[in-house]
Structures are given as structure tokens and as C-alpha cells.
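K.L.:
For reference, the sequence and a predicted model appear below.
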Amino acid sequence: MEINQSRRKFIGKGLKGSLALGLASQLPGELMAFNGSYQSGFTQTPLPYSFNALEPYIDALTMEIHYTKHAAAYAKALNEAAVAEFKGETLSLEMALAKTSTFSTKFRNNGGGHYNHEFFWQSMQAPGMALHEGLLKQALISTFGSFENFKTKLSEAAMTRFGSGWAWLYVDNQKKLQIGSTPNQDNPLMDLSAVKGTPILGLDVWEHAYYMKYQNKRAEYVGNWFNLINWKVVEKRLTAIG
Ligand code: MN3
């Protein structure tokens, strides 16, 4: 599967601004596709698989509600915040996230929410992809000692996040792989995040991501989720950082 490498920049002109042009730019290494335009703003990219593709580990109804309700609401509220707050600046979502501290809580929650969910959908695929030999596997083993240790550490980050949030595998500013977690819809791209860097894998541990199937059993969800990781996408993200 090829990830759409294009992204469009959202150019806020305020509510009174006329309809606008989407400014498309090809950014090599950019894995996320945010379809921003003056008219539609940030939009959800179609899921790269069907709602039931992740069964039995994530059920179809959870996926449908998660994508069409929860994630859709983040996208909608992000657009409202962007119109109100970008004030004519040309900003990709990544650029805006890097200065989250200058925007409202509404931007923080929904800019993060939209980014994180778009990232999350692309990080998964139907069960069964193994991590192949290569750059990512080598990096995981050299950083964490073994692949099993990496899984243990990421699971711990997911399990020790109290309340709602995300667990991340990310590359820090020294180009080192790190594992960490963020509360709510924060992510490592945000200037006000305690863990900072470029995420290459993220796990949603909000109850809405798993409650219907797993109820309170977050550990079971986390353990099963490793069957759904699209390692090719994760490796591509790592390679893009260089
Ligand atoms: Mn979610």
C-alpha cells in the first residue's frame, strides 16, 4: 500500500474569507495526508481498510464509531479552531502543532485529536503482518535490546497512562528512538508536550478505542493491538526522518 505523500496546507483566512484554494505541496518524507483546503479545511482521509478489517482484535462497530463519530468530531472542531486562530497564516497541521502553546485548548485537543487519529488509522492493517528484517527491526533491537523488550516497554507506556491518552514510539531530537505517552490528545509534535519528537507509531488508549469489546481490560486490547501494526508504514516513517 502506498501512503499518499501529498498534503495540503490549510490557509486560514477567517470566516469572512472567500472560498479558497487548496495549496498542494509534495513533501518527500511526509506520510500523513491532511486534505486541507479553504472550503473543507482539514478532512479525514478514507480509512485504508474496511471497518471489519481489524477483527477479531478491533471489532467493526468500534471502528465505525471511532472513525465516523469520535475522529470526525475532532476534524470538525479543528477546522473551527483553525478558522478562528490561524489568522491568515499558512500552516500545515504539523506546523501548527509545533506551536500549540500559542493556540487555544480547543486547538490543542482537536488538532491533536485529528493528527493522532489519522496517524493511528494508517498505522494499522488487517492482522498478520510480521516485522520483517530491516532498518526498523534493527533500530528497535539496538535501542531496546530485543523486539520483545520493545513490546513490553510500549505496553507499559500504554498501561501506565492514567485515564485517556496515547502511547508512542517516536524519534527524539537526537534521532534516538524513544517510547513515551501523552495525556488526552497531546502528541510528541506539540511544543508543550513532555515527550517531544517525531512519532512513528501511536496507540490510542482512550476507552472509546476498545471499551465495547474489551470493557476494562486495557491490557488485553494493548496485547492484541500488536497484531494489527502496519510495520511497513512505521518503517517508512522512520526512514523519512533520516
Ligand atoms: Mn480515539
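P.N.:
Nice, thanks for sending it over. Numbers count the residues shown, from 1 in each chain.
K.L.:
does the longest helix seen in the chain come close to the ion?
P.N.:
As assigned by DSSP state H, the longest helix anywhere in the chain is helix 105-122. No - between helix 105-122 and the ion, judged by C-beta under 5 Å from the ion, nothing touches; the nearest distance is 5.7 Å. Every C-beta, even on glycine, is put in place using the N, C-alpha and C of the backbone.
K.L.:
now the helix or strand following that helix, how far from the centre of its chain.
P.N.:
The first helix or strand that comes after helix 105-122 along the chain, using DSSP states H and E, is helix 135-144. Chain-centre distance of helix 135-144: 21 Å, with C-alpha atoms, centre = their mean, to the nearest Å.
K.L.:
And helix 135-144, what does it pack against?
P.N.:
Counting by 3 or more C-beta pairs under 8 Å, 6 or more residues apart in numbering; DSSP states H and E, the packing neighbours recorded for helix 135-144 are helix 147-160, strand 177-183, helix 231-241.
K.L.:
let's see it at 10 Å
P.N.:
Using 3 or more C-beta pairs under 10 Å, 6 or more residues apart in numbering; DSSP states H and E, the elements in contact with helix 135-144 are helix 147-160, strand 165-171, strand 177-183, strand 198-204, helix 231-241.
K.L.:
re earlier: elements contacting the longest helix of the chain?
P.N.:
Looks like helix 105-122 contacts helix 72-85, helix 93-97, strand 165-171, strand 198-204, helix 231-241 (3+ C-beta pairs under 10 Å, 6+ apart).
K.L.:
mind redoing it with 6 Å?
P.N.:
Judged by 3 or more C-beta pairs under 6 Å, 6 or more residues apart in numbering; DSSP states H and E, helix 105-122 is in contact with helix 72-85, helix 93-97, strand 198-204.
K.L.:
What about Asn216, how many residues nearby?
P.N.:
9 (other C-beta atoms under 10 Å).
K.L.:
Okay, it and the ion: tell me how far apart.
P.N.:
Distance, Asn216 to the ion, using C-beta to the ion, to the nearest Å: 17 Å.
K.L.:
Could you pull up phi and psi at that residue?
P.N.:
phi -80, psi 0 (degrees, to the nearest 10).
K.L.:
pretty sure Lys106 contacts Val83?
P.N.:
No - if you go by C-beta atoms under 6 Å, Lys106 and Val83 don't touch, sitting 11.3 Å apart.
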